[in-house]
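> Attaching a predicted model along with its sequence, questions to come.
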Amino acid sequence: MDPRVQQFMAMIKARNPGENEFHQAVQEVAESLIPFIEENPKYKHAKILERIAEPERIIIFRVPWLDDKGEVQINRGYRIQMNSAIGPYKGGLRLHPTVNLGILKFLAFEQVLKNSLTTLPMGGAKGGSDFDPKGKSDNEVMRFCQSFMSELFRYIGNDTDVPAGDIGVGGREIGYLFGQYKRLKNEFTGVLTGKGIEWGGSLIRPEATGYGATYFAQEMLATRGDSLKGKIVCISGSGNVAQYATEKVTEFGGKVVTSSDSNGFIYDPKGIDAEKLKFIMELKNVKRGRIKEYAEKYGVEYFEGKRPWIIKCDMAMPNATQNEINETDAKLLIKNGCICVSEGANMPSTPEAVEVFLNAQILYGPGKAANAGGVATSGLEMTQNSMRLPWSREEVDEKLQTIMKNIHKTCVKYGTKENGFINYVDGANIGGFVKVANAMIAQGVV
């Protein structure tokens, strides 16, 4: 490791003990940025890297709620307001038992650079709770969301901080959260994104992350005169991102052969077509069942407790969670002929896996670039709310495609090496950093 990176990381670890995911995210960015900062002393003098690695504000609060048996349950709520140099804080809320300060700080840190890459005026934030919506009734989820928002509402607003959904927070949860905010503030504003179409939501928002990661993959492939047509694609996850990535890959002529959840994955060599995808959407979005039921219905193989990266493919789209591709998985993907990885999840590849991809010089789109379509469309939802005007599906999709193309251009600008190889990790990190850094310098030491 570069001694300068080592020194910087020693400081980060000392200030943030035990927050391993946060350390990982900061180190990955520091490795790209520190050589760039050395060549641009104004950023070094203003200590921009040290400042963006420190949240502007952290809010931690108690969330008490009543379950259906009338018993009091207590969870912990968080909001990490990381950086507001280029716009109001923007980032999702995650409801999952694994949620802790380190995970949310990593997500908020990534969000700052991701939001910058979209070119929209959005700062970075993240939040959530260790509450698990799985197995809870609608009424229990509603009571939790109302209690959560009863504290969070003090710190957010359409010009201050605009949360969105993430793992465990879909349309149902956004509805309950928005209803409570409206009740407490006595105002109807675009304070949350991912809202229902009937009450301020944007068309294409549910599809945006999966569509965007596919558009980004198509742009990467085009740099080598290739396309998605005829490609075998392994996708992890079976939620929102995975569903719409599957839809768009299929539309572009690729064949998606896997889908997964936390229990295991299915392998369908014939491909997950529109009819099968409809079954997955019903299973996951309505019945909230397990992906194993797909294997039972369509008579395909189910791999209990495993991830899809053992299946031979041309392209991988990790759409589930952080660190789901390790070094062994990455080597196996390369060995089996994978030429492209486009990340729909946040930091789904370990540092060792990323190194394997970069050393093999395959097309590797890191999450902060490849999955920025979701937050970009949240930004478009904010614009529509401010204008009090909805856009058509075609208008939003066209804007999303333009944003993903521009993110790709930024990555190419800052990530192209002397031999012509495009290092999308460096490109995304430096491209996202420059805009935020320049804004911070212009605004003084605040």
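Nice, thanks for sending it over.
> drop to CA atoms for contacts and neighbour counts, all remaining ones
Noted.
> Which pLDDT value does the model give Val446?
Here, the pLDDT recorded for Val446 equals 74.
> Count the residues that sit near it.
By other Cα atoms under 10 Å, 8 other residues sit near Val446.
> Quickly note the distance from it to Tyr43.
Per Cα to Cα, to the nearest Å, Val446 is found 15 Å from Tyr43.
> And Gly212, by the same measure?
Relative to Tyr43, Gly212 is positioned 31 Å away (Cα to Cα).
> can you give me the end-to-end distance of stretch 129-141?
Stretch 129-141 has its terminal residues 12 Å apart, counting by Cα to Cα.
> sorry, back to before: more neighbours, Gly212 and Tyr43?
Neighbours around Gly212 and Tyr43, counted as other Cα under 10 Å, are more numerous at Gly212. The numbers are 31 against 19.
> isn't Phe357 right up against Pro351?
No. In this structure Phe357 lies outside contact range of Pro351 using Cα atoms under 8 Å: 10.0 Å.
> More neighbours: which of the two?
Applying other Cα under 10 Å to Phe357 and Pro351 shows that Phe357 carries more neighbours, namely 23 against 18.
> Got phi/psi on the more buried one?
phi -60, psi -40 (degrees, to the nearest 10).
> Now do the contacts for it.
Applying Cα atoms under 8 Å, 6 or more residues apart in numbering, we find Phe357 in contact with 330, 334, 363-364.
> same question, Ala274
Shown in contact with Ala274 (Cα under 8 Å, 6+ apart): Glu247.
> swap the cut-off to 10 Å and go again
By Cα atoms under 10 Å, 6 or more residues apart in numbering, the contact list for Ala274 reads 246-247, 250-251, 280.
> Then Asn186?
Residues near Asn186 by Cα under 10 Å, 6+ apart: Gln180.
> Roughly how far does it sit from Phe153?
Separation of Asn186 from Phe153 (Cα to Cα): 12 Å.
> which residues are common contacts for those two?
Gln180.
> now the strands: where do they sit in the stretch 301-446 of the chain?
Listed in chain order, the strands of the stretch 301-446 of the chain (DSSP state E, counting those that start in this stretch) span 301-304, 315-317, 340-342, 363-365.
> Describe which strands the third one pairs with in its sheet and in which direction.
I take that to be strand 340-342. Using DSSP bridges, strand 340-342 pairs in its sheet with strand 315-317 (parallel), strand 363-365 (parallel).
> who touches the last one?
Residues outside strand 363-365 that contact it (Cα under 10 Å, 6+ apart) are 213, 216-217, 220-221, 223-224, 315-317, 338-344, 354, 357-358, 370-371, 408, 411, 421-425, 427-428.
> Could you list the low-pLDDT ranges of the stretch 151-300 of the chain?
Low-confidence segments of the stretch 151-300 of the chain (pLDDT under 70): none present.
> again, only this time at 90
Across the stretch 151-300 of the chain, the ranges flagged by pLDDT under 90 are 167, 170, 285-288.
> residue boundaries of the helices in it?
Taking DSSP state H, counting those that start in this stretch, the helices of the stretch 151-300 of the chain run over residues 171-185, 208-222, 240-251, 274-281, 292-298.
> Could you single out the most deeply buried of those?
Greatest average neighbour count among these goes to helix 208-222 (a mean of 26), per mean count of other Cα atoms under 10 Å.
> Please compute how far that one lies from its chain's middle.
Counting by Cα atoms, centre = their mean, to the nearest Å, helix 208-222 is centred 14 Å from the centre of its parent chain.
> Packing partners of it?
helix 240-251, strand 315-317, strand 340-342, strand 363-365, helix 367-370, helix 373-387, helix 393-415 (3 or more Cα pairs under 10 Å, 6 or more residues apart in numbering; DSSP states H and E).
> Report pLDDT for the nearest residue to Ser137 once chain neighbours are set aside.
Excluding the flanking residues, the one nearest Ser137 by Cα to Cα, 6 or more residues apart in numbering is Asp68, at 7.9 Å. Note on Asp68: pLDDT of 98.
> what about Asp68, is that helix, strand or coil?
Under DSSP: H, G, I helix; E, B strand; the rest coil, Asp68 falls in the coil class.
> For it, give me its contacts.
The contact partners of Asp68, taken as Cα under 10 Å, 6+ apart, are 136-137, 139-140, 143.
> Let's have those in JSON lines, adding secondary structure.
Output for the contacts of Asp68, formatted as JSON lines (three-state DSSP):
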{"residue": "Lys136", "secondary structure": "coil"}
{"residue": "Ser137", "secondary structure": "coil"}
{"residue": "Asn139", "secondary structure": "helix"}
{"residue": "Glu140", "secondary structure": "helix"}
{"residue": "Arg143", "secondary structure": "helix"}
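> Buried only: go through these for me.
Buried members of those, counted by 16 or more other Cα atoms under 10 Å: 140, 143.
> Which member of the contacts of Asp68 is positioned nearest Arg79?
Taking Cα to Cα as the measure, Arg79 lies nearest Arg143 of those, at 19.0 Å.
> Roughly how far does that closest one sit from Val412?
Distance from Arg143 to Val412, by Cα to Cα: 47 Å.
> Which one of the contacts of Ala274 is nearest to Ser238?
Comparing the contacts of Ala274 against Ser238 with Cα to Cα places Ile280 closest, at 7.3 Å.
> Mind pulling up the pLDDT for Thr321?
Note for Thr321: predicted pLDDT of 88.
> Let me see the contact set for it.
Contacts for Thr321 (Cα under 10 Å, 6+ apart) come out as 167, 236-237, 262, 343-349.
> Buried subset of these as a ChimeraX selection?
To isolate the buried ones among the contacts of Thr321 in ChimeraX, judged by 16+ other Cα under 10 Å, type:
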select :167,236,237,262,343,344,345,346,347,348,349
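> Need the contacts of Thr321 in a markdown table (columns: distance to Lys306).
Listed next are the contacts of Thr321 as a markdown table, based on distance: Cα to Cα, whole Å:
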| residue | distance to Lys306 |
| --- | --- |
| Ile167 | 20 |
| Ser236 | 11 |
| Gly237 | 12 |
| Ser262 | 9 |
| Glu343 | 19 |
| Gly344 | 19 |
| Ala345 | 18 |
| Asn346 | 20 |
| Met347 | 19 |
| Pro348 | 15 |
| Ser349 | 16 |
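> Just want the most central residue of the protein.
With distances taken as Cα atoms, centre = their mean, Asn346 lies nearest the centre of the chain, 4.4 Å away.
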